[in-house]
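Asks: Fold the following for me, if possible:
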Amino acid sequence: MSAEKNVDQIIDYESDGDALMALSNRVWWTIAQDRVDAFQIRLLKQRFADLGERIPTLSKLIALQQVVKINTLDDVVPLLLQHSAYKSYPMTLLEKGKFKQLTQWLDKLTVHDLSQVDVADCRSIDDWFCALDVQTPLAINHSTGTTGKLSIIPRSKVEANRFATSSLKNFEGFGDEPNYAEKLLSGQQKINMIYPSYRGGRHAGNRMFRALVDRICSPKTSFALYEEDMSADVASLAGRVRTAEAKGDLDKLEIAPELLKKFNASVSL
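Replies: You can find the predicted model right below:
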C-alpha cells in the first residue's frame, strides 16, 4: 500500500496508534492542514469519550470545568492536568513508606487498574517502582525532585515505546537529506551512544536512554557516566534536603538509616 493510501486510511478511518507511528514525518508534512485539524478533533472527541469517566482525576476536572463535549482544540485546554497533579500525594506517604496508599493515589491518574498491585515487600521508592514495572502495564517516569517532591508520571509501556520511536524519527531529514531514521528503526544500522548520567533508572532520561540502547545500539556500544541505576530514593531525598535547607529546617528532617546509607553511596560515585 502506498504512503498516500496509508494516509487516507489513517486520517479518514483509523485512530490506531501503531498505524500512526508507522507513517514517516516526511509523509505527515504532506497532509493538508484542514485534514490534520479534522483528524485531531476526531481523536480528541474519541479520547474524551473513552477516558472521561475512567480516570478519576480527569473526571473531577471535567466536572469542575463543566466541559460536556469537545468541538475545538481550545475545549481541551481546561482539561490539561497541571504539573502539580503528578506530585499531589501527601509527602508523608513517601517518608513513611506507605506504598499501598501511594498506589491508591496513583490509581486515580491512570486508566490502568492498580488495585491488585502487591506492595507488601516494598521498603523504598525504588522497590515500589520495580513492583509497578513488574505487575502493571506502566513504565513509571519520575522527575528530578528539585522542587522537593518527585513528580510521578504513569506513562504506559506502550506509550514509552511510541515516545522512543517518535524521537528516532527526528533523524529522518527532509528533501534530499539522508533518512537515517529508516535504517535505525529497521535495525539495519547501529550507532554508538554516550550518556552523561546513570545507565538505568526510572527518570525520563534514563528510560529514554535504555529504550534507545535496545533499539539502535547495544550495551557494548553504549557508554554511561555511571553504570548504576539512578535511585528515585536518592533523588527524592536530595530534593527534600534542598527544600529543608532553604527553609532552615534541616535539623528537623528525618532520614531513615538505610536511605542515608544509599544516599552516601551515591555521593561517593
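Asks: how close does Asp107 sit to Ser166?
Replies: Distance, Asp107 to Ser166, by Cβ to Cβ, to the nearest Å: 27 Å. (C-beta placed from N, C-alpha, C; glycine too.)
Asks: Name the residue in the two with the higher neighbour count.
Replies: Using other Cβ atoms under 10 Å, the more surrounded residue of Asp107 and Ser166 is Asp107, with 19 against 12.
Asks: Tell me who's in contact with that one.
Replies: Neighbour list for Asp107: 56, 113-115 [criterion: Cβ atoms under 8 Å, 6 or more residues apart in numbering].
Asks: Kindly present the residues you listed as JSON lines, with separate columns for neighbour count and pLDDT.
Replies: As requested, the contacts of Asp107 are exported to JSON lines (neighbours: other Cβ atoms under 10 Å; pLDDT from 0 to 100):
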{"residue": "Pro56", "neighbour count": "12", "pLDDT": "95"}
{"residue": "Asp113", "neighbour count": "11", "pLDDT": "96"}
{"residue": "Leu114", "neighbour count": "20", "pLDDT": "97"}
{"residue": "Ser115", "neighbour count": "7", "pLDDT": "96"}
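Asks: Closest one of the residues you listed to Ile125?
Replies: Leu114 (15.8 Å; Cβ to Cβ).
Asks: Help me confirm that the closest one comes into contact with Leu102.
Replies: No - taking contacts as Cβ atoms under 8 Å, Leu114 lies outside contact range of Leu102: 10.0 Å.
Asks: hang on, the earlier thing: just the contacts of Asp107 now: which is nearest Asn192?
Replies: Of all the contacts of Asp107, Asn192 sits closest to Leu114, with 38.2 Å by Cβ to Cβ.
Asks: how near is the closest one to Lys108?
Replies: Noted for Leu114: a distance of 9 Å to Lys108, by Cβ to Cβ.
Asks: likewise Lys169?
Replies: On the measure of Cβ to Cβ, Lys169 and Lys108 end up 33 Å apart.
Asks: cool, and Pro90?
Replies: To Lys108, Pro90 is 13 Å away according to Cβ to Cβ.
Asks: more crowded one of those two?
Replies: Between Pro90 and Lys108, Lys108 has the larger neighbour count (other Cβ under 10 Å), namely 16 against 12.
Asks: In space, what's closest to that one - neighbours in sequence excluded?
Replies: Leaving aside its sequence neighbours, Lys108 sits nearest to Pro56 (Cβ to Cβ, 6 or more residues apart in numbering; 4.1 Å).
Asks: Give me the phi and psi for that neighbour.
Replies: Reported as degrees, to the nearest 10, the phi and psi values for Pro56 are phi -50, psi -40.
Asks: Repeat that for Tyr195.
Replies: Taking degrees, to the nearest 10, you get phi -130, psi 120 for the backbone angles of Tyr195.
Asks: thinking it is in contact with Glu227, fair?
Replies: No - assessed by Cβ under 8 Å, Tyr195 is found out of contact with Glu227, at 10.9 Å.
Asks: Give the helix, strand or coil label for Pro196.
Replies: Following DSSP: H, G, I helix; E, B strand; the rest coil, the label given to Pro196 is strand.
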